[in-house]
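In: Quick one, structure for this:
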Amino acid sequence: MPSPVDRNARRTAWRWTTLLATVAAGCTAALVVTGCETAARRTGVSGPSIYYPPAPQEPRVVALGALRTSAAPSKTEVELSRFLFGVEPPADLAIANPTGLASDTQRLLICDSALNGVLAWNFYTGTLDWNCGTPDLDRPFAIDIAPDGHRIICDLNGVWRCDGVGNVEQVYRLPEPYKPAGVLAVGDKVWVANHARHRIEVFDLESGEYERAIGGQGTGPGQFALPRDMTRTPDGNVCVVDMLNNRVQVLDSEGNWLRNVGGPGNIAGSFGRPKGVAVGPDGTIFVTDAFSQRVHAFSTDGQPLLAFGEPDSGIGALAMPNGVAVVSVRPPSDRPLPPNIEPRYYVVVGEQLARPGVRVYAWLGHDEETHAGLRPLPSGESLAWAPSFPESTAINPHWHADRCTTCHNEANGALQPIPPTDQDALCLSCHDGVQAPADPHPIGRPANTQTVKTPGDWPLVNGAIGCMTCHDIERHCDPAASRPAINFVLLRGYDPQRPLDYCTKCHLPDVGARFSPHRQRDMTGHTRMDSCLFCHTQRPDVPEDGQRRFDPLLRTVSSDLCLNCHAPHWDLSPLGHVDRPVPPHMREWMLMRELSLQLPHASRAELQRRAQQSTRDPARLPLGDGAVTCYTCHNPHYDGLFPANSELGSLANNPADRRSALRTDWIDLCSECHQH
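Out: Residues are numbered from 1 along each chain as shown. All right, here's what the predicted structure looks like:
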């Protein structure tokens with residue numbers, strides 16, 4: 001570990017070298033940049049996509065490469081250093097093993113356990129240097145910058161609070177077993193994640209006195225299995241990485257459990273070994289996962305948005321991501337920011353294995369995102385909006401203070417309440433599946449049976465289920481209310497992190513199987529038409545021959561229809577499949593594959609001629625407005641609803657692929673669209 005004297009000498013020489021490099025490089029910088037751009041434009045060579053998700057989807061993240069340190073000294077700079085200082089300039093300061101990251105308004109601090117110190121990237125000078133505000137450390141691995149500017153650092157010897165010049169002001173330590181793994185200043189307290197006891201230890205920030213513990217070993221809410229990194233949220237809560245439980249727990253400032261984010265799995269929004277967590281100023285949650293080798297992004301309420309930085313993806317690649325932080329100023333990186341891109345902020349990630357350093361990503365956000373998780377309607381939209389499905393004529397009266405009398409009678413200048421017995425008829429006067437979307441759940445059924453127990457505080461209509469039983473519609477009546485981006489139909493007790501569990505609010509899971517809208521037949525073999533309304537705006541005909549009619553009346557033709565309930569899974573293609581337009585040559589090939597089943601002896605030329613003359617879309621693998629969707633590859637219909645191997649009833653033969661509802665075995669699925 002370098003001594004303070006060695007560090008000071010190195011800092012001085014490094015700064016002089018940086019100054020000399022600036023002078024020497026200034027004369028040629030413009031020529032070099034212009035030459036590089038001209039060469040790239042001339043060759044037309046383009047590398048891997050830097051956007052997540054890839055085109056044609058709307059990008060939310062741009063990979064900018066690694067945090068760029070100063071260039072190695074040139075021959076001229078070496079000679080000048082020898083002449084002025086009598087020594088050669090030191091080697092370029094580089095990041096060796098980044099673990100914990102923290103940032104404030106002036107700098108990004110990087111714990112480097114291999115260099116036994118904390119590095120600082122200055123937002124304003126653009127330089128990377130040893131951080132003066134830390135003591136001598138033994139492999140530091142976690143750090144936080146307290147609101148008063150003090151650093152709180154974990155190393156192998158304990159937890160330290162230091163001032164801006166490295167003086168230790170407080171030590172936070174417990175009797176064994178005590179193995180700190182993460183640290184965070186929460187108000188006038190210090191939270192320390194304790195691996196040895198699977199809990200969070202709470203200390204007084206100033207005195208260092210131990211006060212209490214939060215949680216303990218377990219899998220329930222507020223329990224932990226190796227708690228690790230922590231971060232503050234804009235609303236004053238705390239996110240804690242619960243590593244072996246493969247989740248992030250959100251606690252309030254008193255340590256009370258609020259909700260979980262993510263969970264175990266191998267799809268976007270789930271983890272195998274989460275390590276770091278950071279939260280943007282808009283409430284977006286970023287979690288690094290060493291198992292999937294990605295950063296997972298979640299909305300404020302824990303909805304998975306996307307995962308980015310997967311392995312082998314060019315300059316954005318990650319192999320062992322660890323710490324993560326959010327900064328407002330663009331760090332100097334390998335790749336400049338593309339033109340016409342306006343990031344909200346930047347996400348920086350410590351990479352420990354492949355080209356160790358700090359990866360830089362620009363976060364662009366997404367349209368429906370606000371700090372509160374709500375999406376206000378643009379001015380006048382609630383008056384002009386009409387359903388998008390065929391033959392719809394209704395004008396949306398919701399979320400607009402001037403449209404209350406659409407539902408309510410008015411007397412003496414006051415809106416009158418709607419009698420419970422009249423509410424369902426009023427709702428169905430629009431929500432009939434023609435003027436406005438129909439509710440897929442039947443009303444008028446008994447609220448409590450042997451298999452159904454409706455929550456006692458949910459309103460009923462003479463003991464039966466009504467529209468207001470599930471929908472808390474009163475919020476529409478608040479003139480200041482805005483339309484939520486999540487749960488915009490205002491279901492009571494709805495948890496957006498567990499949408500498939502909503503049915504168990506009433507349907508007893510220990511009595512019968514969980515309801516699935518994909519089971520379109522009951523135990524007697526009759527079609528359950530009500531289940532169709534989860535995806536269709538009207539009850540469609542069920543063709544006995546299983547041939548596609550190309551008029552499904554879907555609520556939406558994009559993959560959003562499926563992602564309302566299901567989380568997206570990893571995509572084998574680096575360009576992604578979901579909602580990508582199908583080019584003409586691929587559509588032609590898909591039609592040729594279908595025709596080959598009908599005309600097994602036809603020549604390739606004949607199949608191609610017929611496909612080129614066809615005006616219909618592919619039927620075996622349906623598209624959504626000419627694009628690939630989730631239901632292109634997965635069949636949402638219950639096995640047996642349509643004839644086997646028909647256009648609507650085709651399912652894979654392989655049992656594992658059939659359980660995933662693939663339309664054909666995965667080994668053959670690619671060739672349905674892609675020619676060999």
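
In: Could you use CA atoms for every contact and neighbour count after this?
Out: Fine.

In: Name all residues that make contact with the closest residue to Glu310 other than its chain neighbours.
Out: Nearest residue to Glu310, sequence neighbours excluded (Cα to Cα, 6 or more residues apart in numbering): Arg294, at 4.9 Å. Applying Cα atoms under 8 Å, 6 or more residues apart in numbering to Arg294 gives the contacts 288, 307-311, 318, 321.

In: give me that answer again for 6 Å
Out: 308-310 (Cα atoms under 6 Å, 6 or more residues apart in numbering).

In: Could you measure from it over to Lys275?
Out: For Arg294, the distance to Lys275 equals 11 Å [Cα to Cα, to the nearest Å].

In: now Ala644
Out: 46 Å.

In: Give me the more crowded residue out of these two.
Out: Lys275 (30 against 14; other Cα atoms under 10 Å).

In: partners of the strand or helix carrying that one, with directions?
Out: Assigned by DSSP states H and E, Lys275 falls within strand 274-279. Here strand 274-279 is paired, per DSSP bridges, with strand 285-289 (antiparallel).

In: need the next SSE after the strand it pairs with, C-terminal direction.
Out: Once the chain leaves strand 285-289, the next helix or strand it forms, by DSSP H and E, is strand 294-298.

In: follow-up on the earlier one: CA atoms only for the strand holding Lys275, dumped as PDB, please.
Out: Extracted in PDB, the C-alpha atoms of strand 274-279 (Å, rounded to 0.1, in the frame of the first residue of the first chain):
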ATOM      1  CA  PRO A 274     -27.200  -9.000  -6.900                       C
ATOM      2  CA  LYS A 275     -24.400  -6.700  -5.600                       C
ATOM      3  CA  GLY A 276     -24.900  -3.000  -6.000                       C
ATOM      4  CA  VAL A 277     -27.900  -0.600  -6.000                       C
ATOM      5  CA  ALA A 278     -28.300   3.000  -6.900                       C
ATOM      6  CA  VAL A 279     -31.400   5.300  -7.400                       C
END
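
In: which residues sit against it?
Out: With Cα under 6 Å, 6+ apart as the criterion, strand 274-279 contacts 229, 231, 233, 243, 285-289, 322-325.

In: ok, Gly463 to Pro446 distance?
Out: Distance, Gly463 to Pro446, using Cα to Cα: 6 Å.

In: ok, the two, which is more surrounded?
Out: Pro446 (16 against 12).

In: The more buried one contacts Gly466, correct?
Out: No - Pro446 lies out of contact with Gly466 (Cα atoms under 6 Å); the separation is 9.8 Å.

In: The chain - how does it break down into domains?
Out: As assigned by automatic domain parsing, the chain contains the domains 386-515, 517-676.

In: Flag whichever of the ones you listed has the least confidence on average.
Out: The minimum mean pLDDT among the domains of the chain belongs to domain 386-515 (a mean of 78).

In: if we can go back for a sec, can you convert the domains of the chain into CSV and add a column each for distance to Leu67?
Out: Compiled in CSV, these are given as follows (distance: least, Cα to Cα, whole Å):
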stretch, distance to Leu67
domain 386-515, 34
domain 517-676, 24
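
In: Between the ones you listed, which one is closest to Pro98.
Out: domain 517-676 (27.0 Å; Cα to Cα).

In: quick revisit: now, which of the contacts of strand 274-279 sits nearest Arg663?
Out: Asp289 (31.5 Å).

In: Only C-alpha atoms, please: export stretch 573-583 in PDB.
Out: In PDB, the C-alpha atoms belonging to stretch 573-583 read as follows (Å, rounded to 0.1, in the frame of the first residue of the first chain):
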ATOM      1  CA  SER A 573     -30.500 -12.200 -30.300                       C
ATOM      2  CA  PRO A 574     -28.200  -9.300 -29.500                       C
ATOM      3  CA  LEU A 575     -30.600  -7.100 -31.600                       C
ATOM      4  CA  GLY A 576     -33.700  -8.300 -29.700                       C
ATOM      5  CA  HIS A 577     -37.000  -9.700 -31.200                       C
ATOM      6  CA  VAL A 578     -39.800  -7.900 -29.300                       C
ATOM      7  CA  ASP A 579     -41.700  -5.500 -31.500                       C
ATOM      8  CA  ARG A 580     -39.100  -5.500 -34.300                       C
ATOM      9  CA  PRO A 581     -40.600  -5.000 -37.700                       C
ATOM     10  CA  VAL A 582     -40.300  -8.000 -40.100                       C
ATOM     11  CA  PRO A 583     -38.600  -7.100 -43.400                       C
END
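
In: what comes into contact with the strand or helix carrying Arg609?
Out: When elements are defined using DSSP H and E, Arg609 is found to belong to helix 604-613. With Cα under 6 Å, 6+ apart as the test, helix 604-613 has contacts from 588, 591-592.

In: Now with 10 Å, please.
Out: Helix 604-613 is contacted by residues 584-585, 587-596, 599-603, 614, 618 when judged by Cα atoms under 10 Å, 6 or more residues apart in numbering.

In: For that helix, could you pull out the residues that count as buried?
Out: Residues of helix 604-613 classed as buried: 607-608, 611-612 (neighbour count, 16 or more other Cα atoms under 10 Å).

In: Could you identify the most distant pair in the residues you listed?
Out: Farthest-apart pair in the buried residues of helix 604-613 is Leu607 and Gln612; separation 8.6 Å (Cα to Cα).

In: mind listing the strands for the stretch 401-550 of the chain?
Out: 410-411, 414-415 (DSSP state E, counting those that start in this stretch).
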